[in-house]
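In: Please find the sequence and the predicted model below.
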Amino acid sequence: MVKRLPDLFSYVVPTDSGFAPNPYGGLCTLACCKPKIRQYANVSDWIIGTTPAPEKGKLVYAMRVDRGLTFDLYWELPEYECKKPNKNNGCGDNIYKMGAGGQLVQVQNLSHSEKHIKTDTSVNRVLISKTFYYFGVNSVEIPKKFRSLIQTTQGHKRIKPTSKHYDAVTLFI
């Protein structure tokens, strides 16, 4: 069996509140925001989030995608109970469950309102990682040799094994 080389997805984390990405409970999850990354990232791909201006390009987090789940499975499986928002976990990102009518409904949380439902649920997929590095407010400088990996504007960058800068991905990982 030939092992697939991972893609790397890079984007700017405009506000790091601990919600998206959510680095708590021994897992890093991306359940809300970034629907295109959630749609296209495969198991073994890497995602990096970097800081915005004025200190743009520092590493907030890096995660290897270990699993992808639908929102209803993320809600139902007991191992992700720790990701549900509650009085002790204001940053919980496990905020969508199947409603009585068969549609996803948002549960009360401190991070996303009804205005986020359409974007969040446009892709019914949650990315889960046990292999991650989270720096948050202590974001680290990314060496100059890896600058080609950094997305500097809104949206994301996807670097595939056939991409010009893939050698940098291999070294970075």
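Out: Arrived safely. Residues are numbered from 1 along each chain as shown.
In: all strands of this protein, in order?
Out: Using DSSP state E, the strands found in the chain span residues 8-12, 28-30, 46-50, 58-64, 67-69, 96-98, 104-106, 126-129, 131-134, 140-141, 156-159.
In: Ok, which of those comes nearest Glu114?
Out: Nearest to Glu114, of all these, is strand 104-106, at 6.8 Å by C-beta to C-beta. In short, each C-beta sits where N, CA and C put it, glycine included.
In: Which strands and helices lie in contact with that closest one?
Out: strand 96-98, helix 117-121 (3 or more C-beta pairs under 8 Å, 6 or more residues apart in numbering; DSSP states H and E).
In: which residues are contacting the helix or strand of the chain with the lowest mean pLDDT?
Out: Using mean pLDDT, DSSP states H and E, the weakest-scoring helix or strand in the chain turns out to be helix 117-121, at a mean of 83. With C-beta atoms under 8 Å, 6 or more residues apart in numbering as the test, helix 117-121 has contacts from 31-33, 35, 71, 95-96, 104, 106, 112.
In: Let me have the strands of the chain in TSV, extended by mean neighbour count.
Out: Shown next, in TSV, are those (neighbours: other C-beta atoms under 10 Å):
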stretch	mean neighbour count
strand 8-12	23
strand 28-30	25
strand 46-50	24
strand 58-64	21
strand 67-69	17
strand 96-98	18
strand 104-106	16
strand 126-129	24
strand 131-134	17
strand 140-141	10
strand 156-159	18
